[in-house]
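Enquirer: Next comes the sequence, and after it the predicted model I'd like to discuss.
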Amino acid sequence: MTNYLFFTNTQSYKLDNSLIDAVNHFFQNEINTKYNFNTLQDHSAYEWSFEKPKITDNLKDLIKNKFKNIPVDINLLKINSPRKKKLLIADMDSTIIEEESLNEIAKFNNVNDQVSFITKNAMEGRIDFEKALDQRVALLKNLDLKKIQNLNKSINFTPGSLELLLCMNYYNAVTVLVSGGFMPTIKYVANKLKFQFCHGNDFIYKNNSHGECVLSGLVEKPILNQDSKLKILLDYKKKLKLSSNEIICVGDGANDLKMIREAGIGVAFNGKKILEQNSDAVFKYTNLTGLLFLQGYKESEIKKINH
């Protein structure tokens, strides 16, 4: 087990040599420890690895306070071997894709405000996820399935999602999309990004008076919730004979909490506060290539695969 400190930002702000020098000085003079420095991506991602001291809340606070005025993700965590993980479990909405897919679907029935309000409260853990899902889907009653299928074409994939999937698939990891969203969109996203497996909820359909396939306003049970997400992770872990240390997991909402805790590296991506407090790493300024940086992938390796 090795301790790692990461400074990352894949947006417009560039990390420069003065920051690197400041962090090096911190290691040498303020905590007086030996360390190794590594560039993962010029101006965007750097790591420092060290064995001592132990990671404590005090050490985390010391580092974050030291560099608090810089728009950068600072993550300090222990990482067990293997560094490159063998299983990726990823949430979809507001993680792999930029949208909350159900909110987008709701626009067709002119109930976006109501659905978005319920979604926000569910993702923050303020209301029960299953109850919230039933309420939202009820508002979509009689919506034509074809409209959802057409909507999929306008989905925005989160920057770094393609690189993440290409890289982990290339290095023979198992990649799984697990979402509390719905299968028409989940299958589309999984196919486009080459997830090997996908899991989610599904609508119950009916035919309207014109013979068109529409939503009944009901959800197939049982609903895929945070307990289901954890069970799916554990099922793959058992099937593949993996330890938790070989798993990396990413999500953004309260319903991702249990699977995030179980993974060797659990990542909150633009996450709600409750998830950030229970994750190993938090990304606000870094796109999804951050998950590759945590595993030690360098820019040269990522570019090689993408070309």
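Expert: Arrived safely.
Enquirer: Under a three-state scheme, what state does residue 78 occupy?
Expert: For residue 78, the reduced secondary structure class is strand; criterion used: DSSP: H, G, I helix; E, B strand; the rest coil.
Enquirer: What distance do you get for it to residue 39?
Expert: Between residue 78 and residue 39 the distance is 21 Å, computed by C-beta to C-beta, to the nearest Å. (Glycine included, C-beta is placed from N, CA and C.)
Enquirer: Also residue 1?
Expert: 23 Å.
Enquirer: before we move on, what about residue 170?
Expert: As it turns out, when the distance is counted by C-beta to C-beta, residue 170 lies 21 Å from residue 39.
Enquirer: what residue of the chain is the furthest out?
Expert: For the chain, the C-alpha lying farthest from the average C-alpha position belongs to residue 209; by C-alpha atoms, centre = their mean, that distance is 41.1 Å.
Enquirer: so who does that one touch?
Expert: By C-beta atoms under 8 Å, 6 or more residues apart in numbering, the contact list for residue 209 is empty.
Enquirer: any idea of the pLDDT on it?
Expert: Each residue has a pLDDT score; the one for residue 209 is 85.
Enquirer: now do the one 10 residues further on
Expert: If you check residue 219, the pLDDT there is 96.
Enquirer: Residue 146 versus the nearest residue to it once chain neighbours are set aside, what's the distance?
Expert: The shortest distance from residue 219 to any non-neighbouring residue, by C-beta to C-beta, 6 or more residues apart in numbering, is to residue 137 (5.1 Å). Distance of residue 137 to residue 146, computed by C-beta to C-beta: 18 Å.
Enquirer: Between those two, point out the one with more neighbours.
Expert: Higher neighbour count among residue 137 and residue 146: residue 137, with 24 against 11, using other C-beta atoms under 10 Å.
Enquirer: name the element the more buried one belongs to?
Expert: Taking DSSP states H and E as the definition, one finds residue 137 inside helix 129-138.
Enquirer: Touching that helix from outside, list them.
Expert: Around helix 129-138, the neighbours that count as contacts under C-beta under 8 Å, 6+ apart are 102, 106, 115, 118-119, 121-122, 180, 201, 203, 215, 217-219, 223, 225-226, 254-255.
Enquirer: So among those, which ones count as buried?
Expert: The neighbour-count test (16 or more other C-beta atoms under 10 Å) applied to the contacts of helix 129-138 identifies 102, 106, 115, 118-119, 122, 180, 201, 203, 215, 217, 219, 223, 225-226, 254-255 as buried.
Enquirer: Give me the distance from the host helix or strand of residue 58 to the chain's centre.
Expert: Counting by DSSP H and E, the element that carries residue 58 is helix 57-66. Counting by C-alpha atoms, centre = their mean, to the nearest Å, helix 57-66 is centred 24 Å from the centre of its parent chain.
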